[in-house]
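Trainee: Pasted the sequence and its predicted model underneath.
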Amino acid sequence: MSEACTSRELMIYTISRLLRGVRHVAVGQSSPMPAAGAMLLRALNERDGQERVQVSILGSVKHNSFTGGAEELFDCAAQGRLDAFFLGGGQIDGQGNVNLVGTGDYPNNQVRWPGSFGSAYLYFLVPRVILFREEHSLRSLVERVDFVSAPGVSDETVYRRGGPHALLTNAALFSFDREAGRFRLESTHPGYDWRDIRGTTGFSYDNEQCEITTPLPDEATLSLMRDRIREELRECYPQFAGGLPGPG
């Protein structure tokens, strides 16, 4: 029997589940867990004889078909050739708004983050955007973000094919209803229950008293993560890969 599934491995596996059915997924720089989830889906599809998944990781040589960096990523999204992408944020609110600028009143923010870059552009164009935050707390999941880097919902008169698909944290998984403009609690990770999630989430959401536990990967999938995926991650994220459990 191998070592028990870790919190990070559960998140990686959950990302792979959220990506099922995509043909092309892109991952920005400094995003090792989303990259691992995309790699895992690719490996699982290869193993099971399913459709090939193209994984484009910015900053990678081995796992990146782009030669023009972010510029080519943006072109690909505009042409409808990108199915999924990931966005994090210092703050995320109940309407799926993301803040990548900082806390407090702009431009005199008390805390500054790297900035919005192309987040709003991709949020409008990529059909399946997965919001990702390893920290589940009242300071990161807020009622209303201090600055809207990328809006989760738009007026019905605005053409938009992209937007939030789900929110994954270290404690729970939410889906997003674009018509209602709200999150729905889908499952809580082992070690948490709906009361924990309610107490550490700053916004309201549907299915508050969810009793479903996030599924764990089976032994074969764990083995795949700890062998092939761990080695593939070393090219871009050697420190992160080194912190994951190895083969039994």
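Mentor: Sure, I can see it.

Trainee: which residue ranges form the helices in the chain?
Mentor: Remark: helices assigned in the chain by DSSP state H are 7-18, 32-47, 70-78, 119-125, 194-199, 219-224, 230-233, 238-242.

Trainee: Same list (the ones you listed) but as a markdown table, adding mean neighbour count, distance to Y205 and mean pLDDT.
Mentor: The C-beta positions use only the backbone N, C-alpha and C, and glycine is treated the same way. Shown next, in a markdown table, are these (neighbours: other CB atoms under 10 Å; distance: least, CB to CB, whole Å; pLDDT from 0 to 100):
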| stretch | mean neighbour count | distance to Y205 | mean pLDDT |
| --- | --- | --- | --- |
| helix 7-18 | 22 | 17 | 98 |
| helix 32-47 | 23 | 22 | 97 |
| helix 70-78 | 17 | 28 | 91 |
| helix 119-125 | 20 | 19 | 95 |
| helix 194-199 | 15 | 9 | 98 |
| helix 219-224 | 16 | 29 | 96 |
| helix 230-233 | 20 | 32 | 96 |
| helix 238-242 | 13 | 30 | 95 |
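
Trainee: domain assignment for the protein?
Mentor: Taking automatic domain parsing as the domain assignment, the ranges for the chain are 1-82+218-248, 87-115+133-215.

Trainee: partner strands of the least confident helix or strand in the chain by mean pLDDT, parallel or antiparallel?
Mentor: Taking mean pLDDT, DSSP states H and E as the measure, the chain has strand 111-112 as its least confident helix or strand, at a mean of 88. Paired with strand 111-112 in the same sheet, following DSSP bridges, are strand 102-103 (antiparallel).

Trainee: Which residues does the partner strand contact?
Mentor: With contacts defined as CB atoms under 8 Å, 6 or more residues apart in numbering, strand 102-103 is touched by G90, Q91, N109, Q110, V111, R112, W113, D146, F147.

Trainee: Around G115, how many other residues sit close by?
Mentor: 10 (other CB atoms under 10 Å).

Trainee: where exactly do the strands run in this protein?
Mentor: Secondary structure of the chain by DSSP state E: the strands cover 24-27, 54-57, 84-87, 91-93, 98-99, 102-103, 111-112, 128-133, 141-142, 164-169, 172-177, 182-188.

Trainee: average model confidence for the first one?
Mentor: The one in question is strand 24-27. For strand 24-27, mean pLDDT is 96.

Trainee: Just the buried positions in that strand, please.
Mentor: For strand 24-27, the buried set under the neighbour-count rule, 16 or more other CB atoms under 10 Å, comprises H24, V25, A26, V27.

Trainee: Please save the CA atoms from stretch 138-154 in CSV.
Mentor: Taking Å, rounded to 0.1, in the frame of the first residue of the first chain, the C-alpha atoms of stretch 138-154 are listed here in CSV:
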residue,chain,number,x,y,z
LEU,A,138,-11.6,35.0,4.7
ARG,A,139,-8.8,37.2,3.4
SER,A,140,-8.6,35.4,0.0
LEU,A,141,-12.2,34.5,-0.6
VAL,A,142,-14.0,37.8,0.0
GLU,A,143,-17.4,39.3,-0.4
ARG,A,144,-16.1,41.8,-2.9
VAL,A,145,-12.6,42.2,-4.3
ASP,A,146,-10.9,45.5,-3.7
PHE,A,147,-9.9,45.8,-7.3
VAL,A,148,-11.4,43.9,-10.3
SER,A,149,-8.6,42.6,-12.5
ALA,A,150,-10.9,40.3,-14.3
PRO,A,151,-14.7,40.3,-14.0
GLY,A,152,-16.4,36.9,-13.5
VAL,A,153,-19.7,38.0,-15.1
SER,A,154,-20.7,40.5,-17.7
